[in-house]
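>>> next one to model:
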Amino acid sequence: MTSRRKAILSLVSAFIIGFAFCFFLFYFSILEHHLGPRHGRDRTDDIMLRFTRELDLDARQQEFLKSELEKIRARHNEIRQANFSQFREIRDDFRRSFSTILTPEQKAKFDEYNRKRDEKFKR
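Model (predicted):
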């Protein structure tokens with residue numbers, strides 16, 4: 001193999017590796033941003049740290065902020081639970097309505113898709 005070919009091969013390899021590395025960094029940063037607290041990530045610590053650093057909060061203010069964030073989380077959870085049955089009803093109405101225009105093969109695939117989705121999110 002000539003030195004020119006080796007150089008081109010090395011350059012192309014470096015480009016591919018760099019592209020793959022950037023892609024994974026970008027993908028995981030987007031993934032983390034979109035998952036947020038609904039997927040098990042507790043953002044209270046992030047908010048506490050950011051506010052403490054940017055606003056220079058003292059210990060008393062930090063405790064108050066933590067207490068308020070816990071109240072907000074509890075209220076959000078109450079709303080989520082209260083509305084869950086309504087969300088389920090809307091989803092089920094859509095599924096029934098949409099199923100009416102599907103062929104039997106499509107309906108079977110749609111039912112399987114919904115079964116997997118419900119299992120994944122334990123609905």
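
>>> low-confidence ranges in this structure?
For the chain, the stretches flagged by pLDDT under 70 are 1, 24, 27-42, 123.

>>> surely Q62 touches T52?
Yes: shown here, Q62 and T52 form a contact pair, counting by C-beta atoms under 8 Å, at 5.8 Å. The C-beta positions use only the backbone N, C-alpha and C, and glycine is treated the same way.

>>> starting at the chain centroid, how far to the helix or strand containing R115?
Using DSSP states H and E, R115 falls within helix 104-121. Distance, stretch centre to chain centre, for helix 104-121: 21 Å (C-alpha atoms, centre = their mean, to the nearest Å).

>>> what does that helix rub up against?
Identification of contacts with helix 104-121 by C-beta atoms under 8 Å, 6 or more residues apart in numbering yields R95, F98, S99, L102, R123.

>>> just flag the most distant two among those residues.
Spanning the widest gap among these are L102 and R123, at 20.7 Å by C-beta to C-beta.

>>> and which of the contacts of helix 104-121 is nearest E68?
Checking those one by one against E68 (C-beta to C-beta), the nearest turns out to be R123, at 31.4 Å.

>>> now do the lengthiest helix in the chain: which elements does it pack against?
Scanning the chain for the longest helix, with DSSP state H as the assignment, gives helix 59-99. Packing partners of helix 59-99 (3 or more C-beta pairs under 8 Å, 6 or more residues apart in numbering; DSSP states H and E): helix 44-55, helix 104-121.

>>> kindly reformat those helices as TSV containing distance to A14 and mean neighbour count.
As requested, the helices and strands packed on helix 59-99 are exported to TSV (distance: least, C-beta to C-beta, whole Å; neighbours: other C-beta atoms under 10 Å):
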stretch	distance to A14	mean neighbour count
helix 44-55	35	12
helix 104-121	39	11
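
>>> among the ones you listed, which is nearest I72?
Comparing these by C-beta to C-beta, helix 44-55 comes nearest, at 9.3 Å.

>>> give me the element F15 is part of.
Assigned by DSSP H and E, F15 belongs to helix 3-35.
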